[in-house]
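A.B. asks: Take this sequence and fold it.
(chains A and B)
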Amino acid sequence: MNEIKKEEEKSLNFLEEIVEEDLGAGRYKTILTRFPPEPNGYLHIGHSKSICLNFGLAQKYGGKTNLRFDDTNPVTEDVEYVDSIKADIRWLGFEWANELYASDYFGQLYQFAVKLIEKGLAYVDDSSSEQIAQLKGTPTEPGKDSPYRSRSIAENLQLFADMQAGKYKDGEKVLRAKIDMSAPNMHMRDPILYRIKHAHHHRTGDAWCIYPMYDFAHGQSDSIEHITHSICTLEFVPHRPLYDWFIDKLEIFPSHQYEFARLNLSYTVMSKRKLLQLVNDRHVTGWDDPRMPTIAGLRRRGYTPESIRTFAEKIGVQKRDNLIEVGLLEFCIREHLNRIALRRMVVFDPVKVVLTNYTEDEEILKSENNPEDPETTYREIPFSRELYIEREDFMEVPPKKFFRLSPGQKVRLKSAYIIQCDEVIKDAAGNITELRCSYLPGSKSGGENANIKVQATIHWVSIRHAVTAEVRLYDRLFKVENPASEEGDFKDYINPDSLQVLPAAYAEPALSHAKFDERYQFLRKGYFTLDKDSSEDKMIFNRTVTLRDNWAKEQKKG
RNA sequence: UGCCCGAUAGUAUAAUGGUAGUACGACAGAUUUUGGUUCUGUUUGUCUUGGUUCGAAUCCAGGUCGGGCAACCA
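C.D. replies: Reported below is the predicted structural model:
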């Protein structure tokens, strides 16, 4: 009976449909995908969609995925990025079949170019970039042939060899495909195949002074590796005819390109160019600033690989432009952290509570590390006469639906006693400095008065036993949903309050053993993780995400 | 004003000629020693106009709107 239901739940996305169709028709025995980053920046959450798609597709259908660095432009690329990209993919939980570089194929690509020249399908052009742009025409007007277009095959062969041999300076000559200067698709108007760059390449060093363009490298690299499904983003759709043209003319393995819509996330930006600006202009502290949508930033913020993979799964994939609500990402991380995070009590903005009728020196109480854990373990929490509670958990004149502490009212201290507020002490300026309360004996867990109902349970710490920690609270980086589509400079929409630092929050002593790979829920506050800036004598916590907060919602309603 | 891609609740995503479904959100309620979690319920949608058909989100035609394309970037 569940057969049909299950079938429905597992509806395929359009890429899975293509793969199943190809496999079913026997076009391939097994599939091979690839993730092809250019090592010129850090990976971001948008890349994780592509990573999950490429690796996920291969995993699902028993195939493999190559990691291939698209390193055809030596001036923008660097090994720093190669290393970070590999680390990020591994952290996300994927392993590639082969680590490859487009630069591995420079020799073969050169031979492909020679073959095209020999077939009369490529020529060396001496025009300047301005002249080439001039003759290219516009989307609505056809282009015109270059004066160098009709050079003989022999001359082209010689000139191209000279280009490769370093006889010319940057920009003096290019190699172009001879296709159709009046093609309605701009990419087919004799695209440039090779340009001269006397630049040091991070892998091939100074072996080459000519470098292939993206269009002449990507498809051929796919083909060399026998990639069956080359999945990329929508902006490459107009490149596909060219991708196919090269494969056809070169008579090489027919890889096929398929395109999907890139991920856009609300309240952030997703282009490397913009992210680089944020770093360079010091709007953030680096590529791994916890407010950045980079994988490194999300990791430092406390996101888990599982949550990002779940997110990629949930957003699905299609060819229409999209703007995903960041709320969905937050849902995914909360869902995971709720299951794994250790509960701890931390007071951010303290107000002192003195239990006037508490006569013991101290006592040790117990509290769950994680109530969601089927095998719940417990930690010890010291309790004493003087405590801190959150300032916002007390109101002298409470509004209607305020359930917390107020004069004459009772609340429960989590895993401890019920207390009642008897007296409010203020300084000369009228600020509340201390709350004099009485506790209800026998009201702690297991006690004879433990079942008395109170409206709220709040967190607390014993002042004498508290440890301090710096807490960094993050908010969205931008004030608007889609900064990239807004008028003017996207940086004008940066949220000035995206970081709030609390130099000293008061935590229960159990938190002093915090570990870098551990996740914590500060009760009623949110999920936190230790930041890499922490030292032996100073703990620094990043807020990954807040808890859902219906009380805040209620307050907003007025 | 050329070529290409796209349009299903607020946001995503299914339904592949036959009951418009799911998730997130929102709203309401139950449970709760976290105003958390969990559970239950409610809410809102096929861009438009024609056509084909017994039947159209789906096929066809026109329109509208959104996006991409004129780097010696990828």
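
A.B. asks: for A:Leu298, helix, strand, or coil?
C.D. replies: Classification of A:Leu298 using DSSP: H, G, I helix; E, B strand; the rest coil returns helix.

A.B. asks: sorry, that was for A:Gly408
C.D. replies: coil.

A.B. asks: What pLDDT is listed against it?
C.D. replies: With respect to pLDDT, A:Gly408 scores 96.

A.B. asks: Would you mind measuring from it to A:Cys421?
C.D. replies: Taking CB to CB, to the nearest Å as the measure, A:Gly408 and A:Cys421 are separated by 7 Å. Backbone N, C-alpha and C define where each C-beta goes, glycine included.

A.B. asks: A:Asn66 belongs to a strand, doesn't it?
C.D. replies: Yes - read with three-state DSSP, A:Asn66 is one of the residues of a strand.

A.B. asks: Surely it and A:Arg34 touch.
C.D. replies: Yes - in this structure, A:Asn66 is within contact of A:Arg34 by CB atoms under 8 Å, at 4.4 Å.

A.B. asks: and the closest residue to RNA strand B within the stretch 301-450 of chain A, what does it touch?
C.D. replies: Nearest residue of the stretch 301-450 of chain A to RNA strand B: A:Gly316, at 2.7 Å (CB to the nearest atom of the strand). Counting by CB atoms under 8 Å, 6 or more residues apart in numbering, A:Gly316 touches A:Asn13.

A.B. asks: can you map out the strands along the stretch 301-450 of chain A?
C.D. replies: A:342-344, A:346-347, A:350-355, A:362-368, A:378-384, A:386-390, A:410-413, A:418-426, A:432-439 (DSSP state E, counting those that start in this stretch).

A.B. asks: quick one: terminal-to-terminal distance for stretch A:165-184?
C.D. replies: Start-to-end span of stretch A:165-184 (CA to CA, to the nearest Å) is 35 Å.

A.B. asks: can you pull the contacts of A:Ile210?
C.D. replies: A:Tyr110, A:Met163, A:Gln164, A:Leu175, A:Tyr194, A:Arg195, A:Ile196, A:Lys197.

A.B. asks: A:Asn66 and A:Arg34: which is more packed in?
C.D. replies: A:Arg34 (28 against 21; other CB atoms under 10 Å).

A.B. asks: burial of A:Asn449, as a residue count?
C.D. replies: 12.

A.B. asks: okay, now the domains of chain A?
C.D. replies: Domain segmentation of chain A under automatic domain parsing yields A:14-260, A:265-342+A:469-557, A:346-459.

A.B. asks: Do me a favour and get the end-to-end distance for the second one?
C.D. replies: Across domain A:265-342+A:469-557, the straight-line distance between its terminal residues is 27 Å, by CA to CA.

A.B. asks: just the shortest one next, same as before
C.D. replies: By CA to CA, the extent of domain A:346-459 from end to end equals 7 Å.

A.B. asks: Check the offset of it from the chain's centre.
C.D. replies: What separates the centre of domain A:346-459 from the centre of its chain is 39 Å, taken as CA atoms, centre = their mean, to the nearest Å.

A.B. asks: sorry, back to before: so which of the strands of the stretch 301-450 of chain A is the most surrounded?
C.D. replies: By mean neighbour count, with neighbours taken as mean count of other CB atoms under 10 Å, strand A:346-347 ranks first of the strands of the stretch 301-450 of chain A at a mean of 26.

A.B. asks: Name the strands paired with it and say parallel or antiparallel.
C.D. replies: Sheet pairing of strand A:346-347 (DSSP bridges) gives strand A:499-507 (antiparallel).

A.B. asks: Flag every residue of the stretch 451-558 of chain A that's near RNA strand B.
C.D. replies: Applying CB under 7 Å from any atom of the strand, we find that the stretch 451-558 of chain A lies next to RNA strand B at A:456-458, A:485, A:521, A:523-524, A:547-551, A:553-554, A:557.

A.B. asks: Sort out for me which of the residues you listed are in strands.
C.D. replies: By the criterion of DSSP state E, membership of those in strands covers A:Thr457, A:Ile458, A:Gln521.

A.B. asks: Hmm, A:Glu392 and the second one touching each other?
C.D. replies: Looking back up the chat, that one is A:Ile458. No - in this structure, A:Ile458 is not within contact of A:Glu392 by CB under 8 Å, at 9.8 Å.

A.B. asks: So these two - more neighbours on which side?
C.D. replies: More neighbours surround A:Ile458 than the other of A:Ile458 and A:Glu392, with 22 against 12 (other CB under 10 Å).

A.B. asks: Since that was my last question, I'll sign off now.
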